[in-house]
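# Build me a model:
(one chain, ligands or ions: 2)
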Amino acid sequence: MLEKEIITVREEEILDIEVNKDILAANRKLAEAVKMKLDDKGVIAIDVTGSVGSGKTSIIERLVEKLRGRYRIGMIAGDVATTIDADRVERHGVRAVQVNTGRECHLDANLMEKALKKFDLENIDLLFIENVGNLICPGDYPLGAHKRVVVVSVTEGEYMVVKHPSIFKEADVAVINKVDLAGVMGTSVEKLVKDAESVNSNIRVVVTDAKKGVGLEDLVEALNL
Ligand code: MG
Ligand code: ZN
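Residues are numbered from 1 along each chain as shown. Ligands and ions are numbered 1, 2, ... in the order given. All right, here's what the predicted structure looks like:
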């Protein structure tokens, strides 16, 4: 067999890398200011990342149902377009603010700060942020949240972790969702769990079927909520 030719892009080969470095540094600085503000107001913020269709909104809905007796909850929904997700979460009686990012494929600390102004932070203890459906750049843009969750579903196949290692390295908790469909999809849940743990030895991995609420208790515990 012929040896496979691989082109691996090095950082210095990316055309806009210098500009990018400045942006990333500015974002990190702003994220620190956001975190200080949240701490000052006693708000715990959780950034939920994952592809479109992985189940981020369903998971947030289930968490809201479980936790609304103990916390005053708010939600920020990031999407390129529509208010579908904010509407869904708002139905559970929490304040939800939609951020439509247009051409931008991630939330950043600047958008986070803007969205926070729409809340009375004195009246919130827990804030869920649903990031734009994307497993690549949200990893580079911390929002000032206290914890980051990354959601993958078995319907996306079993290579989701190994193909997106950076975001798993950045995350505190990985959720493997839609496990009820693993059999029909022929996806090994065990492989996804193992891959997440080998990319990040500190990550907590939780297996869920968010539609039915399975595994949500484990997720609450993994988030220390
Ligand atoms: Mg969603
Ligand atoms: Zn992006």
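# where's residue 205, which helix or strand?
Taking DSSP states H and E as the criterion, residue 205 maps to strand 204-207.
# and the longest helix for this protein?
Ranked by number of residues, the top helix in the chain under DSSP state H is helix 17-41.
# List the buried residues in that helix.
27, 30-31, 34-35, 38, 41 (16 or more other CB atoms under 10 Å). Yep, even glycine has a C-beta here, placed from its N, CA and C like the rest.
# quick revisit: mind listing what's buried in the strand holding residue 205?
In strand 204-207, residues buried by neighbour count (16+ other CB under 10 Å) are 204-207.
# What average pLDDT does the helix or strand following it get?
Following strand 204-207 in sequence order, the next helix or strand is helix 216-222 (DSSP H and E). Model confidence over helix 216-222, given as mean pLDDT, is 98.
# Mind listing what's buried along helix 216-222?
The neighbour-count check on helix 216-222 (16+ other CB under 10 Å) flags 216, 218-220, 222 as buried.
# all strands for this protein, in order.
In the chain, the strands defined using DSSP state E lie at 44-50, 73-79, 95-100, 126-130, 147-153, 173-177, 204-207.
# CA atoms of the second one as CSV?
What it means is strand 73-79. Taking C-alpha atoms only, strand 73-79 is exported to CSV below (Å, rounded to 0.1, in the frame of the first residue of the first chain):
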residue,chain,number,x,y,z
ILE,A,73,-32.0,30.4,36.4
GLY,A,74,-31.3,32.3,33.2
MET,A,75,-30.3,31.2,29.8
ILE,A,76,-28.4,32.7,26.9
ALA,A,77,-28.9,31.0,23.5
GLY,A,78,-26.4,31.5,20.8
ASP,A,79,-27.4,30.7,17.2
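# and the angle from that strand to strand 126-130?
Computed by axes from the mean of the first three to the mean of the last three CA atoms, to 10 degrees, the angle separating strand 73-79 from strand 126-130 equals 10 degrees.
# Return the residues in contact with the residue in the chain positioned nearest to ligand 1.
Using CB to the ion, the closest approach of the chain to ligand 1 is made by residue 57 at 3.4 Å. With contact set as CB atoms under 8 Å, 6 or more residues apart in numbering, residue 57 has these partners: 77, 84-85, 88-89, 130.
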